[in-house]
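Peer 1: using only what follows, build the 3D model:
(chains A and B)
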Amino acid sequence: MARAAKAAKAAPKRDLVANASYGETGRTTSDILTPEGVVLPFINATFGERVGALLIDMLIIVFVPIIVFIVWIALPIHVDFDKTHKALSSFVQILLLFFMFFIRSGYFIFFEMGPKAATPGKRFMKLRVISHDGGRLTPAAIFTRNALREVELYLPVTLIGVFLAGEKSGSAALAALWALALLLLPLFNKQHARLGDFLAGTRVVHMPKAALSYDLADLDGDRGLGISFTTEQLAYGEMELSVLEQVLRERKPAVMKAVADKIKTRIGWVEPQNPEDVPNDENFLRAYYGALRAHLESRMLLGRRRKDKHDGAV
Amino acid sequence: MVDRPGPSDAPRPALRLKSQKFREARQGDWRALSGQLDKAERRGLGSFSVDELLNLPVLYRSTMSSLSMAQSISLDRNMITYLQALCVRAYVYIYGPQTRLKDVLSGFFIHAWPNAVRKLAREMLLTFLILIVGGVAGWLLCAFDSNWYNVLLPSDQAQGRDLGASVESLRKSMGGAEDHALSPFAVFLMTHNVRVAIMTFAMGAIFGLPTFAITLYTGITAGAMIWLFASKGLGYEFVAWLTIHGTTEFFALIIAAACGFHIARRLMFPGDATRRTALAEAGLLSGTAMIGVAIMLTVAGCLEGIGRQTITDSLWRILIGLVMLTIWSCYFLGVGRKTPADAFTGRSPATGEGG
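Peer 2: Residues are numbered from 1 along each chain as shown, chains lettered A, B, ... in the order given. Here you go, the predicted structure:
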């Protein structure tokens, strides 16, 4: 597919708010250009999230057979199969073998081929598997990325276990070191992809569920309050605006007071003489937010943008 | 800059930012799309009426254009975040794997699988040679000094087929009808084989060395066992016993090892492509072939569980084994050559690489 992350990377200038991926700072994204020509940022799953998802899946893999076994023991119908029903006994054995095989080798493949492309552990961590170029996620890719677990997970864990259990020869140490490197490979690339991901051309991404909240800018209300700012007073950029939005949505009084004080000092705000007209911190901040956003957006329409307060005024 | 309140008392139109008007006009569509996605994820597209179905791409495109526009006119971070998350969700759903099961199956069996196997021809030849070398080596070692047999096949692996075993017990180990037809043991062997095949394939990522070792060892043990049975005068029966499922099983193992060698080769020598694309290509190709390997091993398991237990005549066993070999060869060499494009990988199929 021609649409690739490359195209997005080549674009020198990107939307600023889009760059702060979902407002979750410190997270990297893989940008995928859709056929409609829109750049979609997919948040890369962090190493911690991936380990968390894996641990949940491993717990399921280990405990489900145990639970099945306990239920089997607890079941009241306890016929001695071996003597009475030979065919039934072998049938049950076959079922058990298939079940164990599925749990060990088919679990990840089965769930990742589903519509949500995620195992229960991944679903819990709000992760899913996508194709790295944004194309279709094929069964072959899912098979490959999970077959590689053998060398990336099961083998290294075994090797390290052997090493820790006392096999301290040079080759065992070397093998354990190599196994550790393979196990920690996701730490050493930006997208936290493991070897199986590279081979299958897949990536694991974080899919947050965002809700559409109300619009904070209420220019009519601000007009009613009679608060206005001069252009010189609107001396902040888009980064500060988004921080201010976060503060206003969280509505913590202490934070709002600190932020309001800081802004008032910076812009040289003079409180109205009539004490009844002095706005409270939230009203002041909302008015300032509305005015700043109106100012920045009107400049934005002309293609002039101000990244943050250190940027030159527009 | 928006007008600030002036002195006049006349009623004014409500003050609105462009981004707010934009949001008001469009947010109905966004919420509708979000609702439709929820519904699709919960109950599938089957629950959609024709109108809803036709409306879904319209909603998707309008939301995509909303995002594109919002990023250039709005600074409402909550709205942009929401739109990004919604678009990502919708994109993954709309462009996700929506093929019908029938198409997936026919795509796999009619082009993807045989094409993938054909592209692995060189690696398969290499694996085959390693197996042969291993087999000859196993035979020669044991023929030279029978103590080698115990080294190559420790008694816990030999399952009673050791040096001291009598002709009678060896003959018995080749099975008769005394077991139940679809014995759990055959299922165990099948699942075990699939796991070994996956292992052989995955180990290719370690520069192919473990794959090489596993393949060689498989050949050596086979050679040593044939020698053991041959030395007791049961060579023909043993080969027959091995052939009925062995042609399928060894074929599958050869493909699995070839997949391992293929990823090792592309890892070390990516050629013109970058290592990343080379790996992704190799992974897709070998993944396709490996799904096929799992299928072949299932077939082999059935032959082993049913055929080998019920068919005891050596000639029939060899015949069935050869028929299976012919079927597989014809399938891999002949099927899916003329398809215009490979639905699995989006590339045109290999030409003239088979054999």
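Peer 1: chain neighbours aside, what residue packs nearest to B:Gly292?
Peer 2: Nearest residue to B:Gly292 in three dimensions, chain neighbours excluded: B:Trp113, at 4.4 Å (Cβ to Cβ, 6 or more residues apart in numbering or on different chains). Placement of C-beta: from N, CA and C, glycine included.
Peer 1: and that neighbour, what does it touch?
Peer 2: Residues counted as contacts of B:Trp113 (Cβ atoms under 8 Å, 6 or more residues apart in numbering or on different chains) are B:Thr288, B:Ala289, B:Ile291, B:Gly292, B:Gly336.
Peer 1: how about residues contacting stretch A:254-268?
Peer 2: A:229, A:232-235, A:244, A:247-248, A:269, A:281-282, A:284-285, A:288.
Peer 1: so of those residues, which ones are in helices?
Peer 2: A:Leu244, A:Val247, A:Leu248, A:Asp281, A:Glu282, A:Phe284, A:Leu285, A:Tyr288 (DSSP state H).
Peer 1: show me which of those residues are buried.
Peer 2: A:Leu244, A:Val247, A:Leu248, A:Asp281, A:Phe284, A:Leu285, A:Tyr288 (16 or more other Cβ atoms under 10 Å in any protein chain shown).
Peer 1: list the buried ones in the strand or helix carrying B:Lys102?
Peer 2: Assigned by DSSP states H and E, B:Lys102 belongs to helix B:101-106. Going by neighbour count (16+ other Cβ under 10 Å), the buried part of helix B:101-106 is B:Val104.
Peer 1: what mean pLDDT does the next helix or strand after that helix get?
Peer 2: Scanning forward in sequence from helix B:101-106 by DSSP H and E, the next helix or strand is helix B:113-119. Averaged across helix B:113-119, pLDDT comes to 92.
Peer 1: and after helix B:113-119, which helix or strand comes next?
Peer 2: helix B:121-144.
Peer 1: mind checking how far the helix or strand just after that following helix is from the chain centre?
Peer 2: Next along the chain after helix B:121-144, taking DSSP H and E as the criterion, comes helix B:147-152. From the chain centre to the centre of helix B:147-152 is a distance of 36 Å (Cα atoms, centre = their mean, to the nearest Å).
Peer 1: one more: stretch A:101-108?
Peer 2: That offset, for stretch A:101-108, works out to 26 Å (Cα atoms, centre = their mean).
Peer 1: now the longest helix along chain A: buried residues?
Peer 2: For chain A, the helix with the greatest residue count under DSSP H is helix A:47-74. Residues of helix A:47-74 classed as buried under the neighbour-count rule (16+ other Cβ under 10 Å) are A:Glu49, A:Arg50, A:Gly52, A:Ala53, A:Leu54, A:Ile56, A:Asp57, A:Ile60.
Peer 1: pull the number of nearby residues for the residue nearest to B:Phe238 when sequence neighbours are not counted.
Peer 2: Counting by Cβ to Cβ, 6+ apart, B:Phe238 lies nearest to B:Phe229, which is 3.6 Å off, once chain neighbours are set aside. By the criterion of other Cβ atoms under 10 Å in any protein chain shown, B:Phe229 has 23 neighbours.
Peer 1: same check on B:Phe48?
Peer 2: By other Cβ under 10 Å, the residues close to B:Phe48 number 16.
Peer 1: quick check, it in contact with B:Gly35.
Peer 2: No - assessed by Cβ atoms under 8 Å, B:Phe48 is found out of contact with B:Gly35, at 11.8 Å.
Peer 1: okay, helices next: where are they in the stretch 51-200 of chain A?
Peer 2: A:81-84, A:86-101, A:107-112, A:120-124, A:139-147, A:149, A:155-164, A:170-183, A:195-200 (DSSP state H, counting those that start in this stretch).
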